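Novice: curious how this folds, go ahead:
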Amino acid sequence: MGQGQRKHIPQRTCVACRQVKPKRELIRLVHTFDGKVEVDLTGKQAGRGAYLCPLWDCWQKGLHKGGLERALRAKLSPENRTVLLQVGKGLLLDEEDGSQKSGEDATEE
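Specialist: Predicted coordinates:
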């Protein structure tokens, strides 16, 4: 790359809060071909993807208000929704200081 050129940083939109952020700052969820919705930490899993901020408010809004279902074009079962909420709690950031929540802190809410 020549002088003055910056590397392109992919941007994605959180389906809950609609904020555009660098792809690496968001958590990807994917609707796989076998019909499940899973957290995709690699960002490369096959299927239709949607992104959520690593904040509890965004996860609640995305999973309960239908934004995630709309983006993934999939209906979440109650069991799948519960699993995603539990997995999400371990990945989320503390909203006050932006630090990673520990397992105990994440389950208290």
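Novice: distance between the longest helix belonging to the chain and the chain's centre?
Specialist: Ranked by residue count under DSSP state H, the longest helix found in the chain is helix 78-91. Taking C-alpha atoms, centre = their mean, to the nearest Å, one finds the center of helix 78-91 at 11 Å from the center of the full chain.
Novice: which other helices and strands contact that helix?
Specialist: Counting contacts by 3 or more C-beta pairs under 8 Å, 6 or more residues apart in numbering; DSSP states H and E, helix 78-91 is packed against strand 27-31, strand 37-40, helix 56-64, helix 103-107. Quick note: C-beta positions are derived from backbone N, CA and C, even for glycine.
Novice: what do you get if the cut-off is 7 Å, keeping everything else the same?
Specialist: In terms of contacts (3 or more C-beta pairs under 7 Å, 6 or more residues apart in numbering; DSSP states H and E), helix 78-91 is packed against strand 37-40, helix 56-64, helix 103-107.
Novice: so after the second one, what's the next helix or strand?
Specialist: If I follow you right, that is helix 56-64. As assigned by DSSP states H and E, the chain's next helix or strand after helix 56-64 is helix 67-72.
Novice: quick one: distance of that following helix to the chain centre.
Specialist: 11 Å.
Novice: which strands or helices does it pack on?
Specialist: So helix 67-72, by 3+ C-beta pairs under 7 Å, 6+ apart, packs with strand 27-31, strand 48-52.
Novice: so which elements touch the first one?
Specialist: Packed against strand 27-31 by the contact rule (3+ C-beta pairs under 7 Å, 6+ apart) you find strand 37-40, strand 48-52, helix 67-72.
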